[in-house]
Every structure is written in C-alpha cells, then in structure tokens.
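Student: Turn this into a model:
(one chain, ligands or ions: 2)
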Amino acid sequence: MAEGLHFGGIKTTRSSVIKNPLQLHPPPSQKLCFSSFVALSIFLSRKLRASYNSRVSKISCEAKKIGKLERDETANVSSSSYGNSLSCVMKFGGSSVASAERMREVADLILCFPNEKPVIVLSAMGKTTNMLLLAGEKAVSCGVTNVLWIEELRFIKDLHIRTVNELEVDQSTIGKHLEDLEQLLKGIAMIKELTPRTRDYLVSFGECMSTRIFAAYLNKKGIKARQYDAFEIGFITTDDFTNAEILDATYPAVAKRLYDDWTSDPAIAVVTGFLGKGFSTCAVTTLGRGGSDLTATAIGKALGLQEIQVWKDVDGVLTCDPNIHSHAQPIPYLSFDEAAELAYCGAQVLHPQSMKPARDGNIPVRVKNSYNRNASGTLITKSRDISKAVLTSIVLKRNVTTLDIISTRMLGSFGFLSKVFSIFADLGISVDVVATSEVSISLTLDPSRIWSRELIQQELDHLVEELEKVAVVTLLQRRSIISLIGNVQKSSLILEKAFHVFQNLGVNVQMISQGASKVNISLVVDDNEAEHCLRSLHKAFFESGLPELHVQHENQNGSPPGL
Ligand SMILES: Nc1ncnc2c1ncn2[C@@H]1O[C@H](COP(=O)(O)OP(=O)(O)O)[C@@H](O)[C@H]1O
Ligand SMILES: N[C@@H](CC(=O)OP(=O)(O)O)C(=O)O
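Tutor: Residues are numbered from 1 along each chain as shown. Ligands and ions are numbered 1, 2, ... in the order given. Here you go, the predicted structure:
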C-alpha cells in the first residue's frame, strides 16, 4: 500500500481559535473605541454568561462595527493626503539589511524614489533570528554565569554594535535592548526553560534593533524617519506564540496610528516586521518564520497603498529553489493564488499567509532584488492570463512524514473519514497532502505550521496509537513532496511530462494529489531522490526553450503593466 499510487485532493488545516474574546487589549490609538468595546463585552458577558457562543457572535459583530467605522475613516485617509504621499510599502528582508553597508544601500535605494514616501518594514539583520533562537536554547542549559559566553549572543552584540559604529549613529539607539537581551537570557538560564511565549519575546529583539538602527541612520542622513514596534501600533494577533495570526482589528488600528502620526508630524515610518501583540496575553507574538512579508502586506492593506514591494536577495520568485538548482529562472508574473500555493508548498521566498491581505485589498505585490535593483522581479496580481502557461514553478518540501491509514471496517466510509480527521483535529496536527478512497487515506503530515518545529516522536506515537483504534496504520518517514505549480487545466500534459522524467530516473512516485486550488499537483517521493527529481523536472519543463513563462500578464485594460 505504501508504495502504491494514490489520487486525491489537498486538504490543509490552518485555523486559528480565538480563546478569550473578552480580553482584547486595545492599541493606544484606539483607546476610546476599544474601551467602549471592552465595556460592552463585559456587560454582555454578565448578561449572557450561560451562552458562550452567542456572546462570541455579539462581540465579533461589535468588533466589525468598530472596524467599519475606522475603515471608513481610513478609506478617506488613503485617498487624500496620506495616500497621495505614501503610495507603497517596502519590505527589506534579513539578507537586505545584513550589515551597515547593506543598510546604506537600502537607504540609497529608498532615496531613488524621491516622489514616494514609503512605509518601510524591516526584518532582523541577516541571521539574527536564528542566532537568537540558538542563544535561547543554549541558555536553557548553560547556567546563568555562562550566558555572557554564549557564542551567538556575542555574535549578535558584535554585529549590532559594529553596525551602529559604522553608520555613525548613537550607541544608545540599541544599548537598552542589548542589556535587556542579556538579562532575558540570564532569566532563561535561571529557570532552565524556553517557552514559546519567551521564544517570541526573545526573537523580537532582532527586529526591534534593526529598525531602530535604520531609522536613526535615515535621520542622521537628514531624512526624517520614525521607528515603530508593530506590537505598539495595533498589530493584534491570536495568542499562538511562534505562529500567531493577525486579527482584523489590526487594519483600522494600524491605519489610524500611521495616519495620525503622518498628518501631525510627517516622517518615514520604519516598522518592525514579524511581530505582533497577543490579544488576550498582551505579550509579544511572532507571525511565523519569514513573517515580515505578512507585516508588509498587512500594512499595504491597512493603508490601501498602491503597491507592496518585497525586497529580497534573489531576482524575484524563481522557477525553483536556487539553492537546489542553479538554473532557476525569475517568474515575471504570478497570481495571488499561485504565489500563495507556492508559499504553502514550502517555497521559502514568501510567507505562506502573506498573499491574503494583498489579495483582500487587491494590491499588487512586487518581489525585487535589493542586490540587483535593475532586475524586473516578479509582479503578483489578482489574475493573469495563464491560458498558454503550463508550469510556473516546482517546489520541494523535504523531511515529510506520510501515513497510510486503512479502515478496519468497524466504521462505514463516512464515519471512517470523519473519525480520522477528528483525531488530527483533537491532537492539533496539521495535514498537508491527502489522497482518499472509501476505506483508506494516505496523507502527509505538515511537520510544522511554522517551519522550524518538527513533529516530535512522542506526538507521532500518540497519533498512531489513536488511529490504530479504527485502522491499520503504516507510517513512513523521510519523504519529500514535489509540488508542480501551474495551470492544472493542463494536468494531463504536466503529468505526462513529469512521469516521463520519473520513469527515466527509475523513481517510484508514492502518492499524487491535485489541489482544489487548481494550481498545484503534489507528488510524494523518497527524500534521497527528491533533489535529483527536481533538477530533472526543471530541465524538462524550463530548460528546453518553452515559452510559457513569458506569457504577458494583462491588467484590466488588457495591456501589460509597466515595470
Ligand atoms: N522559488 C523560489 N524563488 C526565490 N527564492 C527562493 C525560492 N525557493 C527558495 N528560495 C530562497 O528564498 C530566499 C529568499 O527568501 P528569504 O530568505 O525569506 O528572503 P529575505 O530574508 O530577504 O526576506 C532566497 O535567497 C532563496 O534562497
Ligand atoms: N526575522 C524573521 C522574520 C523575517 O521575515 O525574516 P526574513 O525577511 O529575513 O525572512 C525570520 O527570520 O523569520
């Protein structure tokens, strides 16, 4: 069974649960609205304590009303003074701001657009987030007295102090943060524990420092800039530490704060990417690895800006991961659906949820290379003409676990499927690719909603134990999902070509699934064959002179957009 070929649809479980809607902590700029909201909520909770569900629906209704009022206000805002001058958001990832030299170049790049006053979103410098996580893990077991010797802490301090010195900005810009970081690591060493909540607070130092340094540098150059911590300006999220979701109240709050500040004292906003504030805990949360892309699109939507620019270290979204195959080529145009699918399938280049605000606000996203400004990049819009396109991109997700679950026929087919998925829901485990028949299911487990957390063995054992109550279960590890993103209307052509490649390589495809999104076909192969497969597939689809990638995107007037 495990080696068989399964056909099916893709199912993903990505949901957020609002745990305590009565404890919404307002951003400062919304005190009036939210205090009435909270008062109303408390009143409701007393009156309706017996009925939790009805309480939740009334509160969300009230929140929508508040949101609407604020939205109307911001609608005027973005079409008037604010919108005229602030037309885009520019996000620079860690690779773009990895050093003082890079920060100088980014500042110059911003100055290349003298008519724009962009909102800037920054990630932490270079690999700072990874370093902070490693430092935290080491602190758990190294003992308080050894914290100062943690290599990663020393690296982070050196990098930031060197950057401040080279840019000739005041050391006090980040002095307090470096002290607090040291104290935090000592605290972790003392309690010998690193909870997800502390982890989020720990990594927040990266973005808090990069934005402070950059804003100080812009000011030093005579460009008036103002630094913002996203968690202080209304980025309200669920309390799912390490992978929080942005709540709707964020959009009016952020728009109001940035707008109010801009009108009273215009300055370029430099906002921390990746961070938010949990709505019931009020603690710092993070949006999942790579979450600064999402911060940027959320700001774009909040302010109704004309364009969202995401500046990376590659010439746009590419036909495959350039680290696996050096012949990866930039994709000139993508739809939001294609880009979202690509990200969900594991392409590191974009945060999986970052397309949603852009799609909701219908704001084009441009992916550009801060190391090669003249490259056209990738323009992501609502729709593009894919009638002549076949394949857009190939994405690889490694180290995946697959499960074959065959009913013991204790339950009918309907009962079987619902029982299996309720087990996953109860254990909070996300499912990625699914192929089903009446009495069997093959699926891959998404090892993480965030990319860093592996499903630990204990969790897997427990899952299998529960499933074995209704089924025979075979667990297979070290598998890879190869996702073919493209025009699924041409699935026969894609599959014919792909299977020709697999046959030539002598590779056995273990599962195949076509997503409901109509832009993705996923194939499961052994981990150790996956990279070779990807390279061969890329050669077959993209390196044999096929013209499909260069199909022009058409805007609503039918004319291609200017780049
Ligand atoms: N399909 C792809 N297209 C472009 N880049 C990709 C793709 N798949 C993986 N990558 C990797 O993603 C990196 C860019 O994403 P990321 O590291 O998040 O950038 P940044 O930190 O600048 O925001 C590239 O350097 C590249 O190695
Ligand atoms: N610094 C965070 C957030 C982020 O978006 O980073 P980057 O833009 O460098 O991928 C991370 O490393 O996950």
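
Student: what does the protein have sitting close to ligand 2?
Tutor: Contacts of the chain with ligand 2, taken as Cβ under 6 Å from any ligand atom, map to G93, G94, S123, A124, T129, G206, G273, F274, R289, G290, G291, S292. (Glycine included, C-beta is placed from N, CA and C.)

Student: Confirm that I481 sits in a strand.
Tutor: Yes: counting by DSSP: H, G, I helix; E, B strand; the rest coil, I481 falls inside a strand.

Student: Within range of ligand 1, give me the residues from the stretch 301-450 of the chain.
Tutor: 312-314, 317-318, 320-323, 347-349, 393.

Student: An error on my part: the question was meant for the stretch 101-250 of the chain.
Tutor: Counting by Cβ under 6 Å from any ligand atom, the stretch 101-250 of the chain sits next to ligand 1 at S123.

Student: can you give me the strands for the stretch 101-250 of the chain?
Tutor: 119-122, 225-228, 236-237 (DSSP state E, counting those that start in this stretch).

Student: need the residues of the chain next to ligand 2 in JSON lines with pLDDT and neighbour count, can you?
Tutor: Output for those, formatted as JSON lines (pLDDT from 0 to 100; neighbours: other Cβ atoms under 10 Å):
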{"residue": "G93", "pLDDT": "97", "neighbour count": "23"}
{"residue": "G94", "pLDDT": "97", "neighbour count": "25"}
{"residue": "S123", "pLDDT": "98", "neighbour count": "28"}
{"residue": "A124", "pLDDT": "98", "neighbour count": "29"}
{"residue": "T129", "pLDDT": "98", "neighbour count": "25"}
{"residue": "G206", "pLDDT": "98", "neighbour count": "30"}
{"residue": "G273", "pLDDT": "98", "neighbour count": "30"}
{"residue": "F274", "pLDDT": "98", "neighbour count": "29"}
{"residue": "R289", "pLDDT": "94", "neighbour count": "20"}
{"residue": "G290", "pLDDT": "95", "neighbour count": "23"}
{"residue": "G291", "pLDDT": "97", "neighbour count": "30"}
{"residue": "S292", "pLDDT": "98", "neighbour count": "29"}
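
Student: quick one: which of the residues you listed is nearest G187?
Tutor: Among the residues of the chain next to ligand 2, G206 lies closest to G187 (Cβ to Cβ), at 17.9 Å.

Student: Any regions of this structure where pLDDT drops low?
Tutor: Along the chain, segments meeting pLDDT under 70 span 1-85, 409-414, 447-456, 516-517, 545-563.

Student: Any idea which residue of it lies closest to ligand 1?
Tutor: G93 (2.0 Å; Cβ to the nearest ligand atom).

Student: Once you drop chain neighbours, what's closest to that residue?
Tutor: Counting by Cβ to Cβ, 6 or more residues apart in numbering, G93 lies nearest to S123, which is 4.9 Å off, once chain neighbours are set aside.

Student: swap in L350?
Tutor: Among residues not flanking L350 along the chain, A343 sits closest, at 4.2 Å (Cβ to Cβ, 6+ apart).

Student: Now for the closest residue to ligand 2 within the stretch 251-400 of the chain: which residues touch it?
Tutor: Closest contact between the stretch 251-400 of the chain and ligand 2, by Cβ to the nearest ligand atom, is at S292 (3.2 Å). Shown in contact with S292 (Cβ atoms under 8 Å, 6 or more residues apart in numbering): K91, G93, V121, L122, S123, E207, G273, F274, H351.

Student: what's the neighbour count on the nearest residue to N165 once chain neighbours are set aside?
Tutor: Distances taken as Cβ to Cβ, 6+ apart put Q171 closest to N165, at 7.6 Å, once the chain neighbours are dropped. Each residue near Q171 was counted by other Cβ atoms under 10 Å, and the total is 11.

Student: circling back to that earlier point, check the gap between the residue nearest to L350 and I406 for me.
Tutor: With distances taken as Cβ to Cβ, to the nearest Å, A343 is found 33 Å from I406.

Student: Have a look at the two and say which one is more surrounded.
Tutor: Under the criterion of other Cβ under 10 Å, the comparison of A343 against I406 puts A343 first, with 21 against 16.

Student: Just the element for that one, please.
Tutor: helix 336-344 (DSSP states H and E).

Student: Give me the helices and strands touching the helix or strand containing T402, please.
Tutor: In the assignment (DSSP H and E), T402 maps to strand 391-407. Strand 391-407 sits against helix 336-344, helix 413-427, strand 440-445, helix 457-467, strand 471-486, helix 527-542, with contacts defined as 3 or more Cβ pairs under 8 Å, 6 or more residues apart in numbering; DSSP states H and E.

Student: V367 belongs to a helix?
Tutor: No: using three-state DSSP, the assignment for V367 is strand, not a helix.

Student: hang on, the earlier thing: might one say that the residue nearest to G93 is in contact with M209?
Tutor: No: applying Cβ atoms under 8 Å as the test, S123 and M209 come out as separate, 11.3 Å apart.

Student: any idea of the angle the strand holding T402 forms with helix 336-344?
Tutor: Interaxial angle of strand 391-407 relative to helix 336-344 (axes from the mean of the first three to the mean of the last three Cα atoms, to 10 degrees): 60 degrees.

Student: coming back round to it: kindly reformat the helices and strands packed on strand 391-407 as a markdown table and extend each row with distance to Q510.
Tutor: Formatted as a markdown table, the helices and strands packed on strand 391-407 follow (distance: least, Cβ to Cβ, whole Å):
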| stretch | distance to Q510 |
| --- | --- |
| helix 336-344 | 21 |
| helix 413-427 | 19 |
| strand 440-445 | 8 |
| helix 457-467 | 18 |
| strand 471-486 | 7 |
| helix 527-542 | 10 |
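
Student: S383 and S172, how far apart?
Tutor: The gap separating S383 from S172 is 50 Å, by Cβ to Cβ.

Student: Which two of the residues of the stretch 301-450 of the chain next to ligand 1 have the greatest separation?
Tutor: D313 and S393 (17.8 Å).

Student: neighbour-wise, which of the two wins?
Tutor: Counted by other Cβ under 10 Å, D313 and S393 do not tie: S393 has more neighbours, with 30 against 16.

Student: which residue packs closest to that one, ignoring adjacent ones?
Tutor: I485 (4.6 Å).

Student: who does that neighbour bridge with?
Tutor: For I485, the beta-bridge partners are S393, N520 (DSSP bridges).

Student: From F541, how far off is it?
Tutor: 11 Å.

Student: who's more crowded, those two?
Tutor: Neighbours of I485 and F541, each counted by other Cβ under 10 Å, are more numerous for I485; the result is 27 against 24.

Student: what sits against the more buried one?
Tutor: Taking Cβ under 8 Å, 6+ apart, we find I485 in contact with E338, E341, L342, C345, L391, T392, S393, I394, V395, V519, N520.

Student: repeat that for 7 Å
Tutor: Contacts for I485 were tallied using Cβ atoms under 7 Å, 6 or more residues apart in numbering; they are E338, E341, L342, C345, T392, S393, V395, V519, N520.

Student: ditto for L493
Tutor: By Cβ under 7 Å, 6+ apart, L493 lies in contact with V390.
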